[in-house]
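Undergrad: I would like to see how this sequence folds:
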Amino acid sequence: MSSNNPADDYLGTYGVKDAKREKRFYRIVGSVLGAALLGTILWYYFRTWGEERAVKQFFANLQSKDYKAAYAQFGCSDASPCRDYAFDKFLEDWGEKSEFGDPAQASLGLVEPCGNMVWIEVTRPNKPRIGLAVDPQSKTVGYAPAARCPGVWRVRDFPAKLMAYIKRRV
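TA: A predicted model of the protein is given here:
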């Protein structure tokens, strides 16, 4: 026997509004945190995307033997040649008879910001790794002093460094 008297249902709806409000609050907080996490992941992945494309374009120019365009990516051209890096030296380093005679074998390794440049590690089969530095504003490519940015702490290197430390102590 149910009555339509509001006094009878007084405790029947007790806390329902609070439960709905709490559920909505957790959905909003979860959505904001999820969007922040997704945004951070996307930023981390795409922060060096333009510089990677510049190096891939550089290797595409080498692949198609368009050495003038590749030389221009170094910030040098026929109109304004680089004082310390003549086109003949560029061909010696990057031309057909160089270590990069087949640029299709080169692949990009670690890409990381380093100071005001982006360092890109280039790996080739059975050859030492080299580093290229790309200016984020002009997208000019140049040599980096090393394959990896010195002094940068990398999470993926931690286990190896920990084991080396333990072996030194034992």
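Undergrad: And Tyr26, what's its pLDDT?
TA: For Tyr26, the model assigns a pLDDT of 96.
Undergrad: quick one: it is in a helix?
TA: Yes: the assignment for Tyr26 is a helix, going by DSSP: H, G, I helix; E, B strand; the rest coil.
Undergrad: and it, how far is that from Val32?
TA: Using C-beta to C-beta, to the nearest Å, we find Tyr26 at a distance of 11 Å from Val32. C-beta here means a position set from N, CA and C on the backbone, and glycine is covered the same way.
Undergrad: list the contacts for Asp93?
TA: Phe100 (C-beta atoms under 8 Å, 6 or more residues apart in numbering).
Undergrad: Could you confirm it falls within a helix?
TA: Yes: checked against three-state DSSP, Asp93 lies within a helix.
Undergrad: And it, what's its pLDDT?
TA: 87.
Undergrad: any idea how far it is from Tyr71?
TA: Separation of Asp93 from Tyr71 (C-beta to C-beta): 10 Å.
Undergrad: What number of residues are in the vicinity of the nearest residue to Cys82 once chain neighbours are set aside?
TA: Once flanking residues are discounted, Cys82 sits nearest to Cys76: 3.9 Å by C-beta to C-beta, 6 or more residues apart in numbering. Using other C-beta atoms under 10 Å, Cys76 has 21 neighbouring residues.
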